[in-house]
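In: Prediction below, plus the sequence it came from.
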Amino acid sequence: MQIYKVGGAVRDRLLGRAISEVDWVVVGASAEALQAKGFRPVGADFPVFLHLETGEEYALARTERKSGHGYGGFTFYASPEVTLEEDLLRRDLTINAMAEDAEGRLIDPYGGRRDLEARLLRHVSPAFAEDPLRVLRVARFAARYAPLGFRIAPETLVLMRRLAESGELQALTAERSWKEISRALMEPRPDIFIQVLRDCGALRELLPEVDALFGVPQPAAHHPEIDTGEHVLAVLRQCAEHEQPLTVRWACLLHDLGKGLTPPGEWPRHIAHEQKGLKPIRAVNARCKAPRDCQELALLVGEYHTHGHRAQELRPSTLLELLQHFDVYRRPQRFEEFIAACEMDARGRLGLEGRNYPQAAYLHGAAAAARAVEVKPLLERGLQGAALGEALKHERQRALKAYKAGPAQQVDEEG
């Protein structure tokens with residue numbers, strides 16, 4: 001039995017990057033032999049075992065053969081006769097198909113180190129085109145390593161296009177797709193992930209509502225980049241630069257979907273795009289099975305982001321309604337994320353990335369003013385039920401009116 005370190009740990013060591021997890025492959029052993037040594041089996045699809053002390057994964061060397069559609073359409077074969085080279089051959093990219101032995105010697109049968117030095121994401125074998133999930137994985141790796149100068153090899157992009165055109169992407173489960181999408185959005189260049197999917201035709205298959213934004217113009221006075229799709233990419237770049245959480249990044253990806261529904265005859269204006277966008281946002285949320293917090297924020301940002309941009313112009317009653325929609329009294333974090341998404345939207349415009357966003361401070365202050373209204377004096381007046389609710393609303397609106405009476409700054413009116 002021989003044990004090798006494989007995959008990402010080897011790749012990232014050679015790149016000088018921090019190693020987050022270590023995977024191992026075991027050659028020349030059976031499942032029974034590993035269990036006899038105390039390894040605990042996990043998963044029903046293929047023989048993977050957990051080390052009882054480290055918790056790291058040890059997989060028996062295996063080969064695989066296409067037997068159906070989608071990510072799960074494979075038959076695996078594991079036995080002591082499967083070699084390390086055969087196991088590495090089934091992997092997606094050459095930079096992920098390297099191994100190290102117990103002495104730290106590199107085993108690199110498919111040129112992974114060469115491609116690392118050339119900054120290339122290249123497939124290991126033609127079998128790459130059998131697994132549709134690899135389109136998302138390669139796009140995610142492109143988003144991760146773009147700051148290091150990595151690019152996708154032309155021949156690999158050809159296979160990704162072939163997969164996108166085959167209809168195989170439709171066989172991916174929502175859970176698997178979301179896992180890759182959510183991880184990719186948290187990479188250093190989430191915009192590259194979306195751009196790669198578009199370049200190979202996968203965005204049209206997976207997120208057609210986002211794909212539809214490219215080529216849709218906006219008023220140049222407010223959006224110097226003009227193209228709505230390019231604007232969304234720029235907003236995602238801002239999200240990464242400002243280290244926004246997944247909820248904000250997901251909301252920013254979907255915030256302008258309504259503009260994809262504007263009839264060309266009305267371009268470059270997008271009247272009521274906020275309301276029009278709610279239906280496609282719901283559709284994407286449902287199709288991707290996004291977590292509830294991501295779904296909720298995406299809908300709220302889609303509907304109210306122009307309110308955020310025009311915050312200082314809102315009447316006290318409208319401002320109170322906005323705060324009520326976000327339930328700022330019980331869920332303050334959600335309103336914070338809304339403000340962040342609005343700021344990323346404002347910064348995601350060509351030449352305006354470093355602009356000030358005074359609306360953020362104004363909205364924070366408005367929320368604080370509304371929260372500062374105490375319920376106790378109203379209770380002491382004997383108010384309860386609907387009467388208490390109306391009185392509380394009146395007092396909060398009065399507090400916001402006083403807050404608004406302070407100095408206001410000119411703000412951008414275009415969402």
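Out: Perfect, thanks for sending it. It should be emphasised that the depicted structure is a prediction, and the values quoted were computed from it without experimental measurement.
In: hey, where'd the strands end up in this structure?
Out: 2-6, 23-27, 40-42, 48-50, 57-60, 62-66, 74-78, 99-100, 106-107, 120-121, 151-152 (DSSP state E).
In: which residues does residue 134 contact?
Out: 92, 123, 128, 160, 163 (Cβ atoms under 8 Å, 6 or more residues apart in numbering). For glycine as for every other residue, the C-beta is placed from the backbone atoms N, C-alpha and C.
In: so of these, which ones are in helices?
Out: Among the contacts of residue 134, the ones falling in helices (DSSP state H) are 160, 163.
In: which one of the contacts of residue 134 is nearest residue 34?
Out: residue 92 (24.8 Å; Cβ to Cβ).
In: For the contacts of residue 134, which two are the farthest from each other?
Out: 92 and 163 (11.8 Å).
In: So for stretch 347-361, what gets flagged as buried?
Out: 347-349, 357, 359-360 (16 or more other Cβ atoms under 10 Å).
In: quick one: which of these sit in helices?
Out: 347, 359-360.
In: Could you save those residues as JSON lines and add columns showing pLDDT?
Out: As requested, those are exported to JSON lines (pLDDT from 0 to 100):
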{"residue": "347", "pLDDT": "97"}
{"residue": "359", "pLDDT": "97"}
{"residue": "360", "pLDDT": "97"}
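In: State the number of residues packed around residue 63.
Out: The number of residues packed near residue 63 is 17, by other Cβ atoms under 10 Å.
In: Report the beta-bridge partners for it.
Out: residue 77 (DSSP bridges).
In: picking up where we left off before, can you tell which of the strands of the chain is closest to residue 258?
Out: Closest among the strands of the chain, once you apply Cβ to Cβ, is strand 151-152, at 31.5 Å.
In: next one: the closest one to chain centre, how far?
Out: Relative to the centre of its chain, strand 151-152 is centred 20 Å away, using Cα atoms, centre = their mean, to the nearest Å.
In: for stretch 111-129, same thing?
Out: Counting by Cα atoms, centre = their mean, stretch 111-129 comes out at 25 Å from the chain centroid.
In: repeat for stretch 232-247
Out: 9 Å.
In: got it, and stretch 252-271?
Out: Worked out by Cα atoms, centre = their mean, stretch 252-271 lies 22 Å from the chain centre.
In: what comes up buried for it?
Out: Result for stretch 252-271 [16+ other Cβ under 10 Å]: buried residues 252-262, 268, 270.
In: Return the member of the residues you listed nearest to residue 277.
Out: Closest to residue 277, out of all of the buried residues of stretch 252-271 and judged by Cβ to Cβ, is residue 258, at 2.9 Å.
In: Skip the chain neighbours and tell me the closest residue to the closest one.
Out: Excluding its sequence neighbours, the residue lying closest to residue 258 (Cβ to Cβ, 6 or more residues apart in numbering) is residue 277, at 2.9 Å.
In: shouldn't that neighbour be in contact with residue 251?
Out: No - at 11.3 Å, residue 277 does not count as touching residue 251 under the criterion of Cβ atoms under 8 Å.
In: Need the residues touching each of the two.
Out: With Cβ under 8 Å, 6+ apart, residue 277 and residue 251 have common neighbours residue 302.
In: More neighbours: which of these two?
Out: A count of neighbours by other Cβ under 10 Å puts residue 251 above the other of residue 277 and residue 251, at 30 against 26.
In: Relative to residue 347, how far out is that one?
Out: Separation of residue 251 from residue 347 (Cβ to Cβ, to the nearest Å): 15 Å.
In: got it, and residue 154?
Out: 33 Å.
In: Residue 178 now?
Out: Residue 178 is 27 Å from residue 347, by Cβ to Cβ.
In: So which residues of the stretch 51-200 of the chain form helices?
Out: For the stretch 51-200 of the chain, the helices defined by DSSP state H, counting those that start in this stretch occupy 84-89, 112-118, 133-145, 154-166, 174-185, 190-199.
In: make that the stretch 251-400 of the chain, sorry
Out: Under DSSP H, counting those that start in this stretch, the stretch 251-400 of the chain gives helices at 273-276, 278-288, 292-309, 316-326, 332-347, 358-371, 376-380, 385-404.
In: Now do the same contact list for the residue lying closest to residue 59 once chain neighbours are set aside.
Out: Nearest non-adjacent residue to residue 59, counting by Cβ to Cβ, 6+ apart: residue 48, 4.7 Å away. Residue 48 makes contact with 41-42, 57-60 under the criterion Cβ under 8 Å, 6+ apart.
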